[in-house]
Each structure stands twice: as structure tokens, then as C-alpha cells.
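Asks: Quick one: sequence plus predicted model below, questions after.
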Amino acid sequence: MRHAVTASSAITIENLTKRFPAPGAGDDFVVLHDVSLAVDEGKFVSIVGPSGCGKSTLLNVIAGIETYDGGSVTIHPTAGRADAEPRIGYVFQSPRLLNWLTVESNIHFVLEAQKVPRSRWRQLVAKNLDMVGLAGQERNYPLKLSGGMQQRVAIARALAMEPDILLMDEPFSHLDAITARKMRFDLMEILQRAKPTILFVTHDLAEAVFLSDNIYMMSTRPARIFKRVTIDVPRPRTPEDSTILDLEKTLVREFFSVVEAKG
Amino acid sequence: MVSRLKAVGLRIGSIVVLLLLWGAASALIHDPQVLPGPWAIARTIVADFKTPGPEGESAYFDVGITLARIFVTFSASMIAGIGIGLAMGLNRLCERSLLALIPLMLTMPTILMVFLAIMWFGFSEAGGLVAVMAVVTPLVTVNMYEGTKAMDKSLIQMAVTFRASPYLLVRKVYLPQLLPYIFSAFRYAFGQTWKIVALAETFGLKFGIGYMFFFWFQQFEMTQVLAWIIMFVVLMLVLEHGVFARLESRAFAWRVSVAH
């Protein structure tokens, strides 16, 4: 089971606000309005919202590559390494691999960036490529792999740094439906072994319900969180499980009643 | 493999045909002061390397001097151009202040630059260096600048997200994306450099292939003039296709591997 024994918090966000300055003299564009959320250690938490609602911006703020205008973002290091800076892994929408480097060197890139001792590289590469089902592809170049396999490399790259928190920004949205479905199953299996805390952004409610322990639903204009849902379905799950399908139906109805009311 | 052999065969064949036509034409004209045959030129080239020329030095000396001049001026222009181009691509202040100067430098006709440099610096090595740098550096700069503009921003963001140090970022993200631009600048700049060095040697500098060419031109010695021209062309062909092409195919192995 992935449910963490301790319920200590991994990410706490309180009243986060972010604006983009408007071109000219107009009012600033509010990307994130009074967003609060808590992600418990070892949990899989999704943020679901329509495109352009600021989900990716929220991830970038958490990753520390974008600033914010109000509120607070706290990231708690995993228990046991409380003195260290929390390590944040990131899986983007597209693989964003360095095509001139082999699969192995792409993982080395992140290990070097994170200052992981060189003596551990070989073991980390082997373990994580095996985990995403790409054992033996170390010396291959990304452009020789399919889109799904490239995204697997991106997942292995993020896991190899042994992140406290793994941020995933619609990682399966660029894949065809069949590959995406397979990837979701495999991600579930991978996470049984790797167990990081995950914050997963998607616009696909079915995907969120299948994968998550908790879901935050976001609306646009203003971009804010309007509902938190707990998915108490035991794992391993199947997408066709009747509890999951029912939950999905209810949430879809609610989601559109809120989002369309604003439309 | 077969098509490769065929391509090499065709290349060698076309050169052989050209030599045969040249030989036939020279036999028909039958005047070594107008068109000496390939065999006579080959004998002259060998003799130039074996015996001291009019300045007391053999062809080794002149070829060496020309190569040294090309190497020094080319390296200086590449380094300056890459540096300025990168600065322009990565720094807004450099970009704004230098962008207007580039077209100005690029419009300057090469031959005028050579004469100008000779007037300023006299018949010295510095004149050659300035002439080459004034023409070649802007070419390299423009290439590098465009290279930095064409870099994939999403990969830079990826590297920043994973906390890559500036050193790692330059080495593994910037450089590989700039390499195609550096190589195309390299080839173009090299072609320009040897043409300017030949010009400068012809009109101003002492020693070197261009100087010897001009010496024999003044004596109206057609066999020697052609011999020095051919020495120059062969030398540059060997450098461009033998050395650079090999370096390039090695640097882009990751791309070639995709084509299989």
C-alpha cells in the first residue's frame, strides 16, 4: 500500500497569489487566486482544471523557477533528511530530453546537477531504467525511441535523483490513448517501489480519479481551488472499477457545473 | 557501400577527365607560356619543393607561412566571433548596442578592407590579421547570435528546474545546440579567411603562396603561376574536406545514428 503511515505534510501552500503584469496600463492578470493546499508525504495528489487555469504556473512556483506575489509555499524535506534541501523532480508535458546525449547520459545530467556522488550513478541508472521498463536502453539515443519510451526516460530521469517530491505536468497528454493507459498502469506500479510524494497536474478527471489519493479541482477566471476530494479506493485499481467510474461521473458533473457557470 | 564506391569513382573520374582535357588542350595550343600541360606543372611543383626559389626558400617555407597566417587569423576571428555572438545572444545590453554595427561590417567589401588594412598597418603581419578579423569576425558573430536565438528554451527551463549549474548548462545544453552553428561558421569563415590571406599576400605581405604567385605573375612565368595556384587549391581542398568534414561527422554522430 502506498498510503503513508505518517501523515506529515510534504507541501503546504497557503493563500498563494500570483499575477502577471498586464500589457499596457490594464489590470494585472491574476493567474492564481488565494490557492491553499496540503500534500501529505507519500501521497499522490492531483490538480484538475481546464487549460489555462494556472496549473502549470502552480507547479513552477513549487519548483522554485517562478516567483509569486502573496501567500506562502512551504516544502518539507522527507523525514530522516530534515537538514537537507528538499529535492524536487519534474516530469514535463513533453519529454524534454537532451537528444544529443544517450539515455544514460540524460539521467547522468540530472544526477550531476543534483550533485549525487558519481559512485552511485551506475546503480541509479540501472535501477530506474529497469523500473520504467527500459533496461538495456542505456546507450540508445532518445530520437530512436518512441514518444512513450521517451516519456519513460523522462520519468526515470526524475526518479533517479530520488526526489522528495515529484511534480508531473500532464505527462501523458501528448501520448495516444492506448500508450497513455499503459503508462498510467506502469506509473502506479513504479510508485509502489519508488514512493515519492507526487503532485500531478491534469485536465483529465478520469486519469486523476484513477491515479490519486486526493484531488484538488481548479476553476479558471479567477483561478482558484473550489473542491478537495479524497479517493478512498484501494490499490491496485482498474479504470473500469465501478466505484471509480461512479466517482468520476459525479465529479465531472460537478466540475462542469462550476466551470460552465463561469463560462 | 556500393553507392559510396560509385560516388568516389565518379569524383576521381571527373578529375581524370579534366586532366585529360587540359593535357589535350595544352598539346593543341603547344605554347607553354599560354597553357602548360598538367605534367609540366607537376614537375614544376616538385622542383619548387626541392630547390630554393627566388627568395632563397623552397616551397615548404611559403606553404608553411601561408598555413600559419591562415591558422592564426582564423583562430582569432573564430574566438572573437563566438565570444561576441554569445554575448549578444545572452545579454540584452550587448544585443541592443551591437545589432546595428553588424550590417555595417558585413557590407564592407572584402578587397577594400584588405587595402585599408595595408594602408593602416603597412606591409606587416598585423595588416593581414586586421583584414581577416574585420571581415570574418562579423560573419561568425551573426551565426553564433542566430544560434543562441534558436536554442530550445524548454530545455533550458528543464535544466534550471533540475538545478543545473551554469557550467553544466553551457556544456550539456547550450554547446550541443550551438555546435551546428559553430561548424557552419567554421566552414564559411575558413573559406573567407584563406581568400583574404591570399589577397593580402598577393598585394602586401612578404613570403607565402600568394606572394610567390604574384612574383611569378610579374615575371609572366605561366608555368609557375599555375603551379602556385594549384598548390593553394589542393592545400585548401585537403583542409576543408579532409579535416573539417571528418570533425563534423564525428560531432554529429547522434544525428547520423537516427538515420539508420
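Replies: That came in fine, so what should we check first? Numbering: from 1, shown residues only, chains lettered A, B, ... in the order given.

Asks: Can you report how many residues lie near A:Pro23?
Replies: Counted by other Cβ atoms under 10 Å in any protein chain shown, the residues lying close to A:Pro23 total 7. The C-beta positions use only the backbone N, C-alpha and C, and glycine is treated the same way.

Asks: helix or strand for it, which one?
Replies: For A:Pro23, there is no enclosing helix or strand under DSSP states H and E.

Asks: give the contact list for A:His76.
Replies: Shown in contact with A:His76 (Cβ atoms under 8 Å, 6 or more residues apart in numbering or on different chains): A:8-12, A:41, A:86.

Asks: What lies in contact with the helix or strand containing A:Asn128?
Replies: Per DSSP H and E: A:Asn128 is located in helix A:121-131. The contact list for helix A:121-131 (Cβ under 8 Å, 6+ apart) reads A:103-104, A:107-108, A:111, A:116, A:135-138, A:153, A:156-157, A:159-160, A:162, A:190, A:193-194.

Asks: just stretch B:92-101 next, same as before
Replies: By Cβ under 8 Å, 6+ apart, stretch B:92-101 touches B:84, B:87-89, B:141, B:145.

Asks: same question, stretch B:131-140
Replies: Applying Cβ under 8 Å, 6+ apart, the contact partners of stretch B:131-140 are B:73-74, B:76-78, B:80-82, B:84-85, B:102, B:105-106, B:108, B:110, B:113-114, B:116-118, B:185, B:188-189, B:192-193, B:196-197, B:199-200.

Asks: Buried by neighbour count, from the contacts of helix A:121-131: which ones?
Replies: In terms of neighbour count (16 or more other Cβ atoms under 10 Å in any protein chain shown), the buried residues within those are A:103-104, A:107-108, A:111, A:116, A:137, A:153, A:156-157, A:159-160, A:162, A:190, A:194.

Asks: Now the residue nearest in space to the middle of chain B. Nearest residue, chain neighbours left out?
Replies: Nearest to the geometric centre of chain B sits B:Phe190, at 2.1 Å (Cα atoms, centre = their mean). In this structure, B:Phe190 finds its nearest non-sequential neighbour in B:Phe74, 6.1 Å apart by Cβ to Cβ, 6 or more residues apart in numbering or on different chains.

Asks: Now the one you found: which helix or strand?
Replies: Here B:Phe74 is assigned to helix B:59-90, by DSSP H and E.

Asks: Show me which residues of whichever helix or strand comes after that helix are buried.
Replies: Where DSSP H and E defines the elements, the next helix or strand beyond helix B:59-90 is helix B:92-98. For helix B:92-98, a neighbour-count test (16+ other Cβ under 10 Å) marks B:94, B:98 as buried.

Asks: Show me what secondary structure element comes after helix B:92-98.
Replies: Next along from helix B:92-98, by DSSP H and E: helix B:101-107.

Asks: Quick one: the helices in chain B, in order.
Replies: With DSSP state H as the criterion, chain B has helices at B:2-29, B:38-50, B:59-90, B:92-98, B:101-107, B:110-121, B:125-149, B:153-161, B:166-169, B:175-203, B:209-218, B:222-237, B:245-251, B:253-259.

Asks: So for the host helix or strand of A:Leu159, mean pLDDT?
Replies: A:Leu159 belongs to helix A:147-160 when elements are defined using DSSP H and E. When pLDDT is averaged over helix A:147-160, the result is 95.

Asks: which strands and helices sit next to that helix?
Replies: With contacts defined as 3 or more Cβ pairs under 8 Å, 6 or more residues apart in numbering or on different chains; DSSP states H and E, helix A:147-160 has these neighbours: strand A:88-91, helix A:103-113, helix A:121-131, helix A:177-194.

Asks: ranking those by burial, who's on top?
Replies: Mean neighbour count (mean count of other Cβ atoms under 10 Å in any protein chain shown) peaks for strand A:88-91 among these, with a mean of 25.

Asks: That one: how far from the chain's middle?
Replies: Distance of strand A:88-91 from its chain centroid, counting by Cα atoms, centre = their mean, to the nearest Å, is 7 Å.

Asks: The stretch 51-200 of chain A against chain B: which residues are in contact?
Replies: With Cβ under 8 Å from any Cβ of the partner chain as the criterion, the stretch 51-200 of chain A meets chain B at residues A:63, A:65, A:88, A:90, A:92, A:94, A:96, A:98-101, A:109-110, A:112-114, A:141, A:143-144, A:161.

Asks: and the helix holding B:Phe74 with helix B:222-237, angle?
Replies: Computed with axes from the mean of the first three to the mean of the last three Cα atoms, to 10 degrees, the direction of helix B:59-90 lies at 40 degrees from that of helix B:222-237.

Asks: Name the residues of helix B:59-90 that come out as buried.
Replies: B:59, B:61-63, B:65-67, B:69-70, B:72-74, B:76-78, B:80-82, B:84-89.

Asks: and that helix, average pLDDT?
Replies: The model assigns helix B:59-90 a mean pLDDT of 91.

Asks: Could you tell me the angle between it and helix B:38-50?
Replies: 90 degrees.

Asks: helices or strands up against helix B:59-90?
Replies: The helices and strands touching helix B:59-90, judged by 3+ Cβ pairs under 8 Å, 6+ apart, are helix B:38-50, helix B:92-98, helix B:125-149, helix B:175-203, helix B:209-218, helix B:222-237.

Asks: just how off-centre is that helix within its chain?
Replies: Using Cα atoms, centre = their mean, the distance between the centre of helix B:59-90 and that of its chain works out at 9 Å.

Asks: now that helix against helix B:209-218, angle please.
Replies: 130 degrees.

Asks: re earlier: closest one of the contacts of A:His76 to chain B?
Replies: A:Pro86 (11.5 Å; Cβ to the nearest Cβ).

Asks: So the closest one belongs to a strand, correct?
Replies: No. Counting by DSSP: H, G, I helix; E, B strand; the rest coil, A:Pro86 is not found in a strand; it is coil.

Asks: Can you name the residues that contact the nearest residue to A:Ala154 once chain neighbours are set aside?
Replies: Nearest residue to A:Ala154, sequence neighbours excluded (Cβ to Cβ, 6+ apart): A:Pro95, at 4.3 Å. If you count contacts by Cβ under 8 Å, 6+ apart, A:Pro95 has them with A:142, A:147, A:150-151, A:153-154.

Asks: Please, a PyMOL command that selects the buried ones among these?
Replies: Filtering these down to the buried ones (16+ other Cβ under 10 Å) takes a single PyMOL command:
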select buried, chain A and resi 142+150+151+153+154
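
Asks: now check the strand or helix carrying A:Ile11, is it near chain B?
Replies: Assigned by DSSP H and E, A:Ile11 falls within strand A:9-20. No. Shown here: strand A:9-20 not in contact with chain B (Cβ under 8 Å from any Cβ), separated by at least 15.9 Å.

Asks: what's the next secondary structure element after that strand?
Replies: With elements assigned by DSSP H and E, the helix or strand that comes after strand A:9-20 is strand A:29-40.

Asks: Tell me which residues of that next one come out buried.
Replies: Applying a neighbour-count criterion of 16+ other Cβ under 10 Å, one finds A:30-33, A:35, A:37-40 buried in strand A:29-40.

Asks: With distance to A:Pro234 and pLDDT as extra columns, can I get these in CSV?
Replies: Listed next are the buried residues of strand A:29-40 as CSV, based on distance: Cβ to Cβ, whole Å; pLDDT from 0 to 100:
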residue, distance to A:Pro234, pLDDT
A:Val30, 39, 82
A:Val31, 36, 85
A:Leu32, 33, 88
A:His33, 35, 88
A:Val35, 30, 91
A:Leu37, 24, 92
A:Ala38, 22, 92
A:Val39, 20, 93
A:Asp40, 17, 91
